[in-house]
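Engineer: Model the structure of this input:
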Amino acid sequence: MKRWFKKRRWLIAALAAMTLAGAQIAGAEEGGMKAVGVKFGLWSNGKEVKTDKDPVIIDGSTYVPLRTLGEALGKQVEWNEWTQSIRLKDVPKVAAVHEWKNPSELAAGIKDGGFSGMVHLPNDPADVFYVVEDRGPNGEFGKDKLRTFPAENFVPRLQKIKASNGTIEVLETIQLHLPAGKTDKVTQNANLTGLPNLEGPDEVPYDITGSKQLAYDPDGLDLEGIAYSPADDTFWLSDEYRPSILQVKRDGTIVGRYVPQGMKDALVKAGAQTEIFDTLPAVYAKRISNRGFEGVTITPDGKYLYTSIQSPLANPDKKTGEASRNLRILKIDLATKKPVGEYLYIAENAGMFAKVAQKDVVISDLAAVSADVLLVDERDKNSGADVQLKRIYKADFSKATNLLGTETSEKDFEKLSADQLKEQGIVPVAKELVVDIAKLGYPYEKIEGLAVIDKNTIAFVNDNDYGVNGYDDNGKLQVKNVPTQMYVIQVNEDLYE
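Structural biologist: Numbering: from 1, shown residues only. Model prediction:
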């Protein structure tokens, strides 16, 4: 309480001094209301506060950017474009950072990593999680950017990990495989691969040299998210390729794969051995390459699964999708395993940030805190000094418009502006900022795994892409040392309320 009153006295004194000085400067002006830029120094706790915009004086009063002033007072400032409102909250804290310090080698100097999704199971210790890796190490070779798979024998897997005392320890590795009696087309055994599924809609796979084309695998997976169903003790995973979601037993056995309507026949014809159900809306087949289902989560009561598309669909075309801010989140009833809702989530406006393209503002993961409220991981593709948008939002679906099966979903979803949504009475998912991770010094491009530990604590991991950093001029694969780290964040609000 003393700290707050101290800050409050500082704020009042500072604003009073600015207003007095402003009155002296503006007194010479005639004509009433006129904004005059000034170069006042702004100090907090003995440190000068840097502002991106100078204060201005209007009619004898000095105005300082609210975000600058709020952050100087230890507040997190959020501007909500949809509701035209501003929220100030105490800044969350980094409680711990844990690192995977001894990953095994996969191939050609490439270390294991690529954590793309994470979940904390209800009855597990607070430091134990399950993570999922994506399709394995991959790169882009030459001017044609051929998609290479340096670790051809990579098997998509889950990892059970323990994060404590600054380290990440792998407790168990669970490789994904087909049911007994089924044989993968590529591996010639039960194990799956991370290779693309179909010739035509998917990228062409090549070996590490970019000279030998690899086979397609209709059962191959590019996994991005993981959720847990307490009802039957199974995991649900999201996949970018088709896109699809999969149900998986604890031992890694694939129970079923759920794909957009119209996709099943092509996969079966190509030799898929997974049990396939084409129950998802057909429009999801219009996903932009490598931008399929990204986040997946199951509500605490075990009744519903939510899954998010990473970026807007190419609906009606790629240009529209890349310019859109309208992201889709699908809701599935786990009792029937059929969609019961589809909602519009408005991504942040890239124009409000430096060096950020709208097509690179994406959803990377989800974590449910109730039947209608999820945490959503929204980010750009920047890293290091260019990090701009790395945020966790609380998203409330209770009043959002269900667009499942509507003409808007099938034809207009991606192209509607905020004004058009309001005109048509379409209510998007409500967003409220939980933590601005960029403000906490986070250096990585990808926040790919998000988990709730308790009502005041969340954790997330970075996908380090196995350290793959393209090819040099001589065609040699470059690998850099990017660690796999988990951040544990303490927030001041009750996430379940």
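Engineer: so the residue nearest the centre of the chain is in which element?
Structural biologist: Residue closest to the average C-alpha location in the chain (Cα atoms, centre = their mean): Ser364, at 1.8 Å. Using DSSP states H and E, Ser364 sits within strand 362-368.
Engineer: how near is the residue nearest to the centre of the chain to Gly425?
Structural biologist: Separation of Ser364 from Gly425 (Cβ to Cβ, to the nearest Å): 30 Å. The C-beta positions use only the backbone N, C-alpha and C, and glycine is treated the same way.
Engineer: thinking again about what came up before, helix or strand for the nearest residue to the residue nearest to the centre of the chain once chain neighbours are set aside, just tell me which one.
Structural biologist: Nearest residue to Ser364 in three dimensions, chain neighbours excluded: Asp377, at 4.5 Å (Cβ to Cβ, 6 or more residues apart in numbering). Per DSSP H and E: Asp377 is located in strand 373-379.
Engineer: For that strand, what is the distance to the chain centroid?
Structural biologist: 7 Å (Cα atoms, centre = their mean, to the nearest Å).
Engineer: quick check: angle from that strand to strand 362-368?
Structural biologist: Using axes from the mean of the first three to the mean of the last three Cα atoms, to 10 degrees, the direction of strand 373-379 lies 160 degrees away from that of strand 362-368.
Engineer: what helices or strands is strand 373-379 leaning on?
Structural biologist: Where contact means 3 or more Cβ pairs under 8 Å, 6 or more residues apart in numbering; DSSP states H and E, strand 373-379 is packed against strand 293-298, strand 362-368, strand 390-396, strand 447-454.
Engineer: from the ones you listed, which stretch is densest packed?
Structural biologist: Greatest average neighbour count among the helices and strands packed on strand 373-379 goes to strand 293-298 (a mean of 28), per mean count of other Cβ atoms under 10 Å.
Engineer: Quick one: work out the angle between that strand and strand 362-368.
Structural biologist: 10 degrees.
Engineer: which residues touch strand 293-298?
Structural biologist: Residues outside strand 293-298 that contact it (Cβ atoms under 8 Å, 6 or more residues apart in numbering): 117, 119, 224-230, 236-240, 243-245, 284, 304-310, 334, 362-368, 374, 376-377, 450.
Engineer: how close does Val170 get to Leu313?
Structural biologist: Val170 is 36 Å from Leu313, where distance means Cβ to Cβ.
Engineer: more crowded one of these two?
Structural biologist: Neighbours around Val170 and Leu313, counted as other Cβ atoms under 10 Å, are more numerous at Leu313. The numbers are 25 against 15.
Engineer: can I assume the more buried one is in contact with Asn326?
Structural biologist: No. Counting by Cβ atoms under 8 Å, Leu313 does not reach Asn326; the two are 9.0 Å apart.
Engineer: Please identify every residue contacting each of the two.
Structural biologist: Shared contacts of Leu313 and Asn326 (Cβ under 8 Å, 6+ apart): 413-414.
Engineer: Look up the pLDDT of the residue nearest to Ser364 for me, please.
Structural biologist: Reading off the confidence values, Asp377 has pLDDT 98.
Engineer: cool, and Ala16?
Structural biologist: Ala16 is assigned 36 on the pLDDT scale.
Engineer: again with Arg67
Structural biologist: Arg67 carries a pLDDT value of 74.
Engineer: Could I get the contacting residues of it?
Structural biologist: Applying Cβ under 8 Å, 6+ apart to Arg67 gives the contacts 77, 79.
Engineer: what about it, distance to Asp184?
Structural biologist: Taking Cβ to Cβ, one finds Arg67 at 53 Å from Asp184.
Engineer: repeat for Val248
Structural biologist: Per Cβ to Cβ, Val248 is found 15 Å from Asp184.
Engineer: Quick one: mean pLDDT for stretch 444-451?
Structural biologist: For stretch 444-451, mean pLDDT is 95.
Engineer: Run the chain-centre distance for it.
Structural biologist: With Cα atoms, centre = their mean, you get 6 Å for stretch 444-451.
Engineer: residues in contact with it?
Structural biologist: 115-120, 129, 131-132, 224, 226, 295, 364-367, 375, 377, 379, 381-383, 390, 392, 437, 458-465, 482, 485.
Engineer: which of those residues are buried?
Structural biologist: Among the contacts of stretch 444-451, those scoring as buried are 115-120, 129, 131-132, 224, 226, 295, 364-367, 375, 377, 379, 381-382, 390, 392, 437, 458-465, 482, 485 (criterion: 16 or more other Cβ atoms under 10 Å).
Engineer: Among these, which ones are in strands?
Structural biologist: 115-119, 129, 131-132, 224, 226, 295, 364-367, 375, 377, 379, 390, 392, 458-462, 485 (DSSP state E).
Engineer: From start to finish, how long is stretch 107-119 in a straight line?
Structural biologist: 27 Å (Cα to Cα, to the nearest Å).
Engineer: Please shift the residue numbers so they start at 7 in all later answers.
Structural biologist: Happy to do that; since the first residue is 7 now, the last one works out to stretch 113-125.
Engineer: Which residue ranges of the stretch 107-256 of the chain form strands?
Structural biologist: Counting by DSSP state E, counting those that start in this stretch, the stretch 107-256 of the chain has these strands, from start to end: 111-113, 116-117, 121-125, 134-139, 145-147, 152-154, 163-170, 173-181, 211-212, 229-235, 240-245, 250-254.
Engineer: any low-confidence regions in this structure?
Structural biologist: Along the chain, the parts satisfying pLDDT under 70 run over 7-39, 79.
Engineer: if I look at Gly301, how far off is Val368?
Structural biologist: From Gly301 across to Val368, the span is 10 Å (Cβ to Cβ).
Engineer: Quick one: the strands in the stretch 307-456 of the chain, in order.
Structural biologist: 310-315, 332-339, 344-352, 368-374, 379-385, 396-402, 436-442, 453-460.
Engineer: Sheet-wise, list the partners of the fourth one with their directions.
Structural biologist: Strand 368-374 has the following sheet partners, assigned by DSSP bridges: strand 379-385 (antiparallel).
Engineer: any idea of the angle the strand it pairs with forms with strand 463-468?
Structural biologist: Following the same axes, to 10 degrees, one obtains 30 degrees for the angle between strand 379-385 and strand 463-468.
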